[in-house]
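S.K.: I'll drop the sequence and a predicted model, then ask my questions.
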Amino acid sequence: MRWTMECYAGRIARAPTPLFDRMSQKASFATRPDSTPPVGRPGLAALGLAALGIVFGDIGTSPLYTLKTVLSMSKGTPTPDAVLGVLSLIAWTLIIITSVKYVVVAMSIDNDGEGGILALMSLLCIKKHQQPIIVAIGLFGAALIYGDGAITPAISVLSAVEGLNMATPALAPYVLPAAVVILVALFAIQPLGTARIGKAFGPTMGLWFLAIAVLGILGIARHPAVLVALNPFYGLRYLFSNGYASFLILGGVFLCVTGAEALYADMGHFGSRPIRFAWSGIVLPSLLLNYAGQSGIVLDGTPITENIFYRLCPEPLLIPFVVLATIATIIASQSIITGAFSMTRQAIQLGWLPRLRIVQTSEEGYGQIYVGVVNWLLMIVTVGLTLGFGKSDNLAGAYGIAVSATMMLTSGLLFIAMREVWGWSLLASAAVAGVFLCIDACFFLANLVKVTQGGYVPLLLATLVYGIMLTWHRGSITVARRLSEEIVSVDEFMRRIKSQNIPRVPGTGVFLTRTANDVPPVMIWHVRHNQALQENLFVLNAVTESIPRIKDSERLLVTEAQPNYWRATARFGFMEKPDIPAVLQQACSQHHSLALGEVVYYVGHGTIVTRDDARGLARWQDDLYIAMERNSVHVSDFFRLPNNSVVLIGRQVAI
């Protein structure tokens, strides 16, 4: 499956394709497929420590609000059976969903080392030739993650800062303003990048997990009998003995695994082994101990009207612990924000979003990027949610529905992958994926009751993003079809050049095109307007593949179609940023007879207009596509073309 890029109208048209997954903050530890591991590359322990700060921030801060949210859903003071039942459900949800589904199964299915719902979708589109159902599942799952990305910083930071209420009640009026200030500051520093402070993320989160584990042990010591909840019987008994009320509580229980999708999505950043090592050796034990400790103090008589999590901490250490919790939630929020940047770049690469300005904030890591439009839109939504809901308890109603839907969609794709990638039988695939799908569906249905309590927010955001992606993609296809109406073969074009005595001037003209064999439309426009043509012609077809990265040895194919007329195909992975001047250098090094000399890049600059008849897109889609196209980054910036060597040739394209 290939996505070919056509230059025109200052934009790129691409053929239909998949995309996307929740990409957390990218680290620079993973090597390219064609590279040799660098000397002194961090070992398993070092990579596992780094993963703590990038992969596990979301799921690692969930104890701040999960248990108190679940217990608050019960009427009155929860009984010991209810507390043990809820703890058992949380523990086995962590084990089944995160450990088994994601760490064991999903992370064994990768797309050239990359994971996540979009990488999985791209892999399956190769196997199944991009069936619409696979594309729809992957795209909507990815769109849902944007909704989750807006809520996660709000609920995490609010939960942490609310600890000030318990330390000093007089500070209660300042909790909401403090949370807003922290969130605004977090988004405001994004243009500066996180290369320097990012190095401290891993050790800081390591301290966080150590702290919550120790506090959990202190809580267990107050009521050791709480450990019997590790027996799944307690969870099943509670679930089936309280009818509909117990089922609804699953919506709160699900909050404990809201960051599980990141384990799979961030696999390409560190590899599966460091993530599995960190999860099994540090994160899972710390979470289980802390949830057990919180349940222990509830059984010991601690009221659930206050934040149970902070009740674990000795009072003299409460303020320092609130500070640590706030830092941990900021790290978790940072990963969400950077993940949204990475998702956006991946969507652009595969042709599902318009080109946006992407700034590389550090040379140390490919994922250290900044996308201004995404950053400020996320800030507006996140701050709006914080002010609108006011408390983390209120936000819990809007949280979880997006992730549960994404996990359910991922289970559907895993079923297809078991059949197509692993070659499992229908029975075996249905048995394994069916268990995951049933559990995910239960969590999703339990979360559906939150729609009127704020759950509509992530669903609305996901629908908007999904609509934007489909509109851009349909518009791109329509424009590509209009441009293909002027196709001329190379032989016919060169005969016209000779018969019309078109002057051939010194130098090299580079034309970026979508056409596989014929003359690019921009070359035809160039001759029509300028009545001249360079002696050397280099036609480049830039292709985005459905794998993350391309080996340098497989990147470029150059053939000489006619004397001094070269046609090249440059392949890029969907995690790479195209660099056309670098491709030309590689072409010259591979083909010594190719003397490009002084290069001029020709780019079609079309003005997209609405068709007069009714055969194009719907009017609202026309307007939306035209607005996105006019505000997208210019193609010369996208391909890193030197500004002083680019010639724009304009025309109108009616869609």
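M.R.: Nice, I can see it.

S.K.: burial measure for Gly252, as a count.
M.R.: If you count neighbours by other C-beta atoms under 10 Å, Gly252 ends up with 28. C-beta here means a position set from N, CA and C on the backbone, and glycine is covered the same way.

S.K.: check contacts around the closest residue to it other than its chain neighbours.
M.R.: Leaving aside its sequence neighbours, Gly252 sits nearest to Val70 (C-beta to C-beta, 6 or more residues apart in numbering; 3.7 Å). Applying C-beta atoms under 8 Å, 6 or more residues apart in numbering, one finds that Val70 lies in contact with 86, 90, 249, 252-253, 255.

S.K.: ditto for Met575
M.R.: Counted by C-beta under 8 Å, 6+ apart, Met575 has contacts 114, 268, 346, 349, 366, 548-549.

S.K.: what about it, distance to Thr168?
M.R.: 47 Å (C-beta to C-beta, to the nearest Å).

S.K.: what's the closest non-adjacent residue to Ile327?
M.R.: Closest to Ile327 by C-beta to C-beta, 6+ apart is Thr204, at 6.1 Å.

S.K.: helix or strand: which one has that neighbour?
M.R.: helix 201-222 (DSSP states H and E).

S.K.: give the rounded mean pLDDT of that helix.
M.R.: Per-residue pLDDT values across helix 201-222 average out to 94.

S.K.: in this structure, which helix is the longest?
M.R.: With residue count as the measure and DSSP state H as the assignment, the chain has helix 318-349 as its longest helix.

S.K.: next, the buried residues of the helix or strand just after that helix.
M.R.: Remark: after helix 318-349, the chain's next helix or strand is strand 358-360, criterion DSSP H and E. By 16 or more other C-beta atoms under 10 Å, the buried positions in strand 358-360 come out as Ile358.

S.K.: in its sheet, what does the helix or strand that strand 358-360 is followed by sit against?
M.R.: Using DSSP H and E, the next helix or strand after strand 358-360 towards the C-terminus is strand 369-371. Using DSSP bridges, strand 369-371 pairs in its sheet with strand 358-360 (antiparallel).

S.K.: any idea of the mean pLDDT for the strand it pairs with?
M.R.: Strand 358-360 comes out with an average pLDDT of 78.

S.K.: do stretch 88-101 as well
M.R.: 96.

S.K.: now do the strands in the stretch 501-650 of the chain.
M.R.: Secondary structure of the stretch 501-650 of the chain (DSSP state E, counting those that start in this stretch): strands at 504-513, 533-545, 556-562, 565-572, 599-609, 646-654.

S.K.: same deal with the stretch 101-250 of the chain?
M.R.: Using DSSP E, counting those that start in this stretch, strands in the stretch 101-250 of the chain do not occur.

S.K.: sorry, back to before: so which of the strands of the stretch 501-650 of the chain gets nearest Ile137?
M.R.: Each of the strands of the stretch 501-650 of the chain has some distance to Ile137 by C-beta to C-beta; the shortest is strand 533-545, at 20.5 Å.

S.K.: what helices or strands is that closest one leaning on?
M.R.: strand 2-4, strand 504-513, helix 521-530, strand 565-572, helix 580-590 (3 or more C-beta pairs under 8 Å, 6 or more residues apart in numbering; DSSP states H and E).

S.K.: so for Ser280, which of those sits nearest?
M.R.: strand 565-572 (35.4 Å).

S.K.: taking strand 556-562 as reference, get the angle to the closest one.
M.R.: 160 degrees (axes from the mean of the first three to the mean of the last three C-alpha atoms, to 10 degrees).

S.K.: the inter-axis angle of the helix or strand where Ala462 lies versus helix 521-530?
M.R.: In this assignment (DSSP H and E), Ala462 forms part of helix 456-483. Between the axes of helix 456-483 and helix 521-530, defined by the same axes, to 10 degrees, the angle is 60 degrees.
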